[in-house]
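Asker: The sequence isn't on hand, but the structure is:
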C-alpha cells in the first residue's frame, strides 16, 4: 500500500488540522482571558472553576451576580463585518478577543469571545448584531438571555 503525497493529501490533512486547531486556539484564548481577569475571593471560596460559555446553540444561562461568563460567535475579521454588542445596564464587558486565524488568507473564519460580568440581578437580554462594512442594517442578530440571582 502506498502513501499519498502531494496537494490532495496535504489538503485533506490540513483541513483536519484546522478543525482541531481552531477549537484548541479558542480554548487557549479563553484560558488567557480567565487568567487575566482573575477571580474574586468569594468565587474562590465557592470553588467555582468553570466558565459558562454561550454561543449560537446555547443562548441562555443562570448565573450569580459577579460571576463572569463568555459569549462566543463566529467572525471573519478580514471582511469588514463586525459584531456590535448591546449590553444592558449593570453588565460589564471584561474582555473582547478574536482567536487567531490559521494562516494569512483573507476571509478565514474564527471565533470572537466576549467575557461579561453581570453586577445586577434579574433577567436580561444581551444582543449582538453582525454589522456589514459602512453604514448598513444588521445582517444577523443574536440574542442571549442571562438569569442572574444574588
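Answerer: All right, it came through fine. Model, not experiment: these values are computed from the prediction.
Asker: Only C-alpha atoms from now on, for both contacts and neighbour counts.
Answerer: OK.
Asker: Against residue 142, how distant is residue 101?
Answerer: According to Cα to Cα, to the nearest Å, residue 101 stands 23 Å off from residue 142.
Asker: Residue ranges in this protein under the pLDDT threshold?
Answerer: Scanning the chain with the threshold set as pLDDT under 70 gives 1-50, 104-106.
Asker: if we can go back for a sec, which one's more surrounded, residue 101 and residue 142?
Answerer: A side-by-side neighbour count of residue 101 and residue 142, using other Cα atoms under 10 Å, places residue 101 first with 19 against 15.
Asker: give me phi/psi at the residue nearest to residue 142 when sequence neighbours are not counted?
Answerer: In this structure, residue 142 finds its nearest non-sequential neighbour in residue 128, 5.2 Å apart by Cα to Cα, 6 or more residues apart in numbering. Dihedral pair for residue 128: phi -120, psi 130, per degrees, to the nearest 10.
Asker: ok, residue 128 touching residue 74?
Answerer: No - between residue 128 and residue 74 there is no contact under Cα atoms under 8 Å: 11.6 Å.
Asker: Who has more neighbours out of those two?
Answerer: Under the criterion of other Cα under 10 Å, the comparison of residue 128 against residue 74 puts residue 128 first, with 20 against 16.
Asker: Beta-bridge partners for the more buried one, please?
Answerer: residue 85, residue 142 (DSSP bridges).
Asker: Return the residues in contact with it.
Answerer: By Cα atoms under 8 Å, 6 or more residues apart in numbering, the contact list for residue 128 reads 83, 84, 85, 86, 141, 142, 143.
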